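1. Give me a model of this one.
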Amino acid sequence: MSEFRIHHDVNELLSLLRVHGGDGAEVYIDLLQKNRTPYVTTTVSAHSAKVKIAEFSRTPEDFLKKYDELKSKNTRNLDPLVYLLSKLTEDRETLQYLQQNAKERAELAAATVGSSATSISVPAAASKISMQELEELRKQLGSVATGSTLQQSLELKRKMLRDKQNKNNSGQHLPVFPAWVYERPALIGDFLIGSGVSTDTALPIGTLPLASQESAVVEDLLYVLVGVDGRHVTAQPLAGRQSRTFLVDPNLDLSIRELVNRILPVAASYSTVTRFIEEKSSFEYGQVNHALAAAMRTLVKEHLILVSQLEQLHRQGLLSLQKLWFYIQPAMRTMDILASLATSVDKGECLGGSTLSLLHDRSFSYTGDSQAQELCLYLTKAASAPYFEVLEKWIYRGIIHDPYSEFMVEEHELRKERIQEDYNDKYWDQRYTIVQPQIPSFLQKMADKILSTGKYLNVVRECGHDVTCPVAKEIIYTLKERAYVEQIEKAFNYASKVLLDFLMEEKELVAHLRSIKRYFLMDQGDFFVHFMDLTEEELRKPVEDITPPRLEALLELALRMSTANTDPFKDDLKIDLMPHDLITQLLRVLAIETKQEKAMAQADPTELTLSGLEAFSFDYIVKWPLSLIINRKALTRYQMLFRHMFYCKHVERQLCSVWISNKTAKQHSLHSAKWFAGAFTLRQRMLNFVQNIQYYMMFEVMEPTWHILEKNLKSASNIDDVLGHHTGFLDTCLKDCMLTNPELLKVFSKLMSVCVMFTNCMQKFTQSMKLDSELGGQTLEHGTIPGLPAGAEERVRKELTRKHLVEHADATQLVSGFEATINKFDKNFSAHLLDLLARLSIYSTSDCEHGMASVISRLDFNGFYTERLERLSAERSQKVVPQVPVPRGPPVPAPRVAVTAQ
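-> Have a look, this model is predicted:
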């Protein structure tokens with residue numbers, strides 16, 4: 001059972017029991033997942049479980065009757081359910097809870113009915129009817145409706161099947177029989193009620209000699225055996241779908257009447273089989289039932305030949321009632337089996353694969369009875385022929401031709417173009433799906449391979465290549481499953497190889513993935529330097545002010561100027577300005593298929609105006625069939641990784657630009673600005689943090705994981721393996737880059753925000769310094785001192801500029817308090833970084849995310865932050881217990897991996 005099915009069943013059970021609060025569904029889901037086993041109930045355990053429940057039940061007859069009814073309908077998973085119920089009978093605690101729960105729900109329902117009854121005034125009845133009169137009226141209505149009800153129900157069933165099949169066939173209406181076929185009962189071949197042959201003798205048959213009675217009864221029986229009423233043996237009207245009954249003349253001799261009653265079950269079975277053949281021959285019941293009806297018609301024809309031979313003997317005066325009883329014995333067994341099968345198919349409303357499952361199970365149940373098993377094998381082989389034709393087309397050519405919706409694979413109308421557009425599109429999973437009731441029990445184990453085989457070939461066909469399996473052979477039903485299992489395995493291996501070679505060689509899947517890695521995972525260094533230099537000014541603007549064509553032109557220029565110009569797929573790279581920032585996008589993705597999805601979809605894109613840097617992302621044009629692998633879901637994961645790293649790269653560039661601008665400040669001796677050294681230190685710590693984080697993501701997460709992906713792609717045997725490896729690669733990158741953990745991502749985004757605000761503050765200060773320097777230079781130029789040599793004049797100009805800057809820096813410090821600002825930046829950055837390190841430490845130990853331990857060792861290469869964390873924990877412990885001083889030894893340093901600072 002899949003994890004999704006467990007989630008659904010647990011939630012459904014809790015809602016049925018009206019259980020609210022408590023531990024919640026997650027606790028039970030985890031418990032079931034840990035304790036599930038591939039348990040298969042056997043016939044012995046199911047039988048013992050049935051006996052146990054019957055002993056426990058207050059009404060064992062009703063339970064056994066219901067079990068037999070469901071068993072006759074070939075209900076799936078009936079035995080596992082009975083086994084589960086038998087286990088519940090042994091668990092007294094669960095039984096008490098269920099009884100109490102049923103009582104509470106009954107009281108709640110009664111209270112609801114009572115409240116509704118009090119709010120609605122019911123008018124008093126003008127007259128009352130007694131229970132006896134009501135029962136008599138019901139019987140009268142039932143007897144009136146019996147004749148037409150069966151015909152109406154059959155017509156309604158045919159109409160429902162027609163509507164379903166026409167819907168699945170996209171408006172292509174299937175053929176139907178004309179109405180007169182159903183309106184003329186004489187065409188059916190069954191008994192015509194109400195038109196029996198009237199007797200032409202005035203003498204009762206009981207007054208005739210025994211030999212005359214026997215001869216008359218033999219003649220009647222020969223008629224009855226082919227569905228025609230006799231003079232002394234007549235068929236009774238049918239009540240629903242019950243077996244046919246007969247009325248025998250009570251004046252017959254007792255011995256003759258007894259022998260007649262023994263022969264009549266053959267006629268009842270013939271009537272059942274004939275009605276089944278006529279009903280299932282309608283187009284609406286599908287080709288499998290058509291084939292089954294045709295095979296039964298062949299056997300019925302043999303029965304009619306036997307009756308005609310018996311009639312010949314009767315005319316010769318050589319057929320007595322005893323001989324008729326003797327000759328009819330083989331036919332009695334055959335007709336009984338056919339009637340039993342017909343009744344089971346009718347009760348279970350079986351179509352297609354479910355009919356084959358019933359026939360297969362019945363063949364196995366007749367093990368030991370060679371005649372009955374041979375008969376069932378004949379019927380199953382005949383009925384499976386059209387099903388196997390559909391199967392052969394599917395696994396050998398990737399085509400589904402299933403006009404009556406009988407096959408185990410169902411096709412849905414989905415456009416393959418949406419797989420590139422819609423994140424939540426599930427083309428590969430939902431274009432072709434398994435229909436569980438239509439899987440024959442003998443193909444249950446191979447269902448997934450059958451689905452995959454046809455899907456693989458279908459993809460190649462949709463690309464314009466006609467494929468036909470070279471190892472195609474006709475599949476014939478047999479009790480030995482190995483025969484068609486081998487054929488399906490060969491077809492699966494061929495289809496896997498064809499599609500894999502098509503994607504890898506002709507469509508160059510690995511080359512496309514490398515191209516995506518080059519841009520989305522920032523593997524092309526010189527391209528990004530050119531691109532960010534060209535677009536830096538444009539991306540600083542708000543999203544509304546950015547012109548995408550200009551960005552596209554700059555992207556084209558950067559591609560042509562860098563080594564990316566040699567990439568054959570560079571023209572597939574496009575610009576995409578997202579409506580959300582990275583965190584919002586991540587939360588929207590995590591909310592898919594949850595209760596929050598609608599709320600997230602209706603929310604505004606963002607409350608704040610996004611800058612181009614926050615909204616910028618790449619997009620990639622992927623054509624069919626590569627879009628099966630690089631679909632919108634995969635591209636969204638690539639985009640989240642790119643936006644994360646692109647913003648880190650932007651922050652690094654900002655810090656580097658601050659470092660460059662600070663070089664000019666070092667030329668002047670700003671003695672009064674003591675806080676400037678602290679700003680330099682903070683900038684270097686921020687730069688160290690950003691560079692180490694980038695190194696970790698690129699060289700310790702993405703690069704090793706990419707090598708594993710390439711290795712796995714070389715050893716992949718089918719497209720599902722490729723999909724799994726690619727999805728696993730992206731999921732690992734997202735998890736190790738802290739993008740699947742909202743808590744870590746929020747702390748990281750706060751750190752980035754602090755770095756960006758710090759760089760903005762420093763750039764404003766540097767710009768004011770440059771402006772004052774220019775003003776001082778202009779003042780000096782206007783006020784040149786005559787008579788001084790050129791070198792002396794230059795020295796004087798620099799000295800005046802330095803004095804002007806010193807005065808300006810002092811004024812700025814006094815007015816705006818830059819020292820306090822830098823200290824605040826330092827405090828915020830340190831606090832968030834310590835928080836991040838603490839969380840990373842917890843996740844690396846509790847969740848076994850050992851890769852994150854290298855981030856800690858890189859950021860804390862000299863133990864600086866470890867000491868601060870120990871100091872903070874010591875201060876917190878002292879605040880909690882201030883009155884009890886505890887002697888402490890020297891702190892034991894935490895084990896660290898020595899890593900050289902970058």
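2. what's the spacing between the nearest residue to Glu392 once chain neighbours are set aside and Leu499?
-> Computed as CB to CB, 6 or more residues apart in numbering, the closest residue to Glu392 that is not its neighbour in sequence is Ile475, at 6.0 Å. All C-beta spots, glycine's among them, are computed from the backbone N, C-alpha and C. Distance of Ile475 to Leu499, given as CB to CB, to the nearest Å: 22 Å.
3. Give the residue from these two that has the larger number of neighbours.
-> Per other CB atoms under 10 Å, whichever of Ile475 and Leu499 has more neighbours is Leu499, with 26 against 20.
4. State the next helix or strand along the chain beyond the host helix or strand of Leu551.
-> For Leu551, the element it lies in under DSSP states H and E is helix 548-561. Counting by DSSP H and E, the next helix or strand C-terminal to helix 548-561 is strand 573-577.
5. now for that next one, which elements pack on it?
-> helix 548-561, strand 616-620 (3 or more CB pairs under 8 Å, 6 or more residues apart in numbering; DSSP states H and E).
6. Any buried residues in that strand, and which?
-> Neighbour-count burial for strand 573-577 flags Leu573, Ile575, Leu577 (criterion: 16 or more other CB atoms under 10 Å).
7. mind listing what Leu739 touches?
-> Leu586, Met640, Leu641, His644, Leu745 (CB atoms under 8 Å, 6 or more residues apart in numbering).
8. what does Leu521 give?
-> So Leu521 contacts Tyr638, Leu641, Phe642, Met645, Met698, Met702, Trp706, Cys733 (CB under 8 Å, 6+ apart).
9. Apply 6 Å and report the result again.
-> Met702 (CB atoms under 6 Å, 6 or more residues apart in numbering).
10. Break down the stretch 651-800 of the chain into its helices, ranges please.
-> Applying DSSP state H, counting those that start in this stretch to the stretch 651-800 of the chain gives helices spanning 675-695, 703-715, 719-736, 742-782, 790-816.
11. Comparing these by mean pLDDT, which bottoms out?
-> Of all those, helix 790-816 carries the lowest average pLDDT, namely a mean of 52.
12. okay but Leu628 is in contact with Arg431, surely?
-> No. Applying CB atoms under 6 Å, one finds Leu628 not in contact with Arg431, separated by 10.1 Å.
13. neighbour-wise, which of those two wins?
-> Leu628 (21 against 18).
14. buried ones in the helix or strand that contains Asn261?
-> Using DSSP H and E, Asn261 maps to helix 254-280. For helix 254-280, the buried set under the neighbour-count rule, 16+ other CB under 10 Å, comprises 256-257, 259-260, 263-280.
15. repeat for stretch 389-398
-> Applying 16+ other CB under 10 Å to stretch 389-398 flags Val390, Leu391, Glu392, Lys393, Trp394, Ile395, Tyr396, Arg397, Gly398 as buried.
16. Export these as CSV, with columns for pLDDT, secondary structure and distance to Leu304.
-> Below are the buried residues of stretch 389-398 laid out as CSV (pLDDT from 0 to 100; DSSP: H, G, I helix; E, B strand; the rest coil; distance: CB to CB, whole Å):
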residue, pLDDT, secondary structure, distance to Leu304
Val390, 90, helix, 32
Leu391, 90, helix, 34
Glu392, 89, helix, 34
Lys393, 89, helix, 36
Trp394, 89, helix, 38
Ile395, 88, helix, 40
Tyr396, 89, helix, 40
Arg397, 87, helix, 41
Gly398, 85, coil, 44
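17. quick one: which of these is nearest Lys50?
-> Leu391 (34.7 Å; CB to CB).
18. which ones are touching Thr582?
-> Small correction: residue 582 is Leu, not Thr. Arg643.
19. so where's the stretch 101-250 of the chain shaky on pLDDT?
-> By pLDDT under 70, the weakly predicted segments of the stretch 101-250 of the chain are 109, 111-174, 177, 179-183, 185-187, 194-203, 206, 240-241.
20. make it 50
-> Counting by pLDDT under 50, the stretch 101-250 of the chain shows low-confidence ranges at 116-127, 143-147, 196-199, 201.
21. so where's the stretch 501-650 of the chain shaky on pLDDT?
-> 593, 605-607.
22. for Pro386, what are its contacts?
-> Gln287, Val288, Ala291.
23. so which of the residues you listed is the most crowded?
-> Val288 leads those on contacts (other CB under 10 Å) with 30 neighbours.
24. how about that one, secondary structure?
-> helix (DSSP: H, G, I helix; E, B strand; the rest coil).
25. What residues does it make contact with?
-> Taking CB under 6 Å, 6+ apart as the test, what Val288 contacts is Gly352, Thr355, Ala383, Pro386, Tyr387, Glu406.
26. To which secondary structure element is the third one assigned?
-> Per DSSP H and E: Ala383 is located in helix 370-397.
27. next SSE after that helix?
-> Counting by DSSP H and E, what follows helix 370-397 is strand 409-411.
28. Let me see the mean pLDDT of that following strand.
-> pLDDT averaged over strand 409-411 gives 86.
29. Any chance you could list what contacts it?
-> So strand 409-411 is contacted by Ile400, Tyr432, Thr433, Val435, Leu451 (CB under 6 Å, 6+ apart).
30. Next step: those residues restricted to strands.
-> If you go by DSSP state E, the contacts of strand 409-411 have Tyr432, Thr433 in strands.
31. TSV for the contacts of strand 409-411, including distance to Ala102 and pLDDT?
-> Listed next are the contacts of strand 409-411 as TSV, based on distance: CB to CB, whole Å; pLDDT from 0 to 100:
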residue	distance to Ala102	pLDDT
Ile400	46	85
Tyr432	42	85
Thr433	37	87
Val435	35	86
Leu451	41	89
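32. Most neighbours out of the contacts of strand 409-411, which is it?
-> Tyr432 (20 neighbours).
33. follow-up on the earlier one: let me have the contacts of Val288 in CSV, extended by pLDDT and distance to Val226.
-> Output for the contacts of Val288, formatted as CSV (pLDDT from 0 to 100; distance: CB to CB, whole Å):
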residue, pLDDT, distance to Val226
Gly352, 85, 32
Thr355, 89, 27
Ala383, 91, 25
Pro386, 91, 29
Tyr387, 91, 32
Glu406, 85, 32
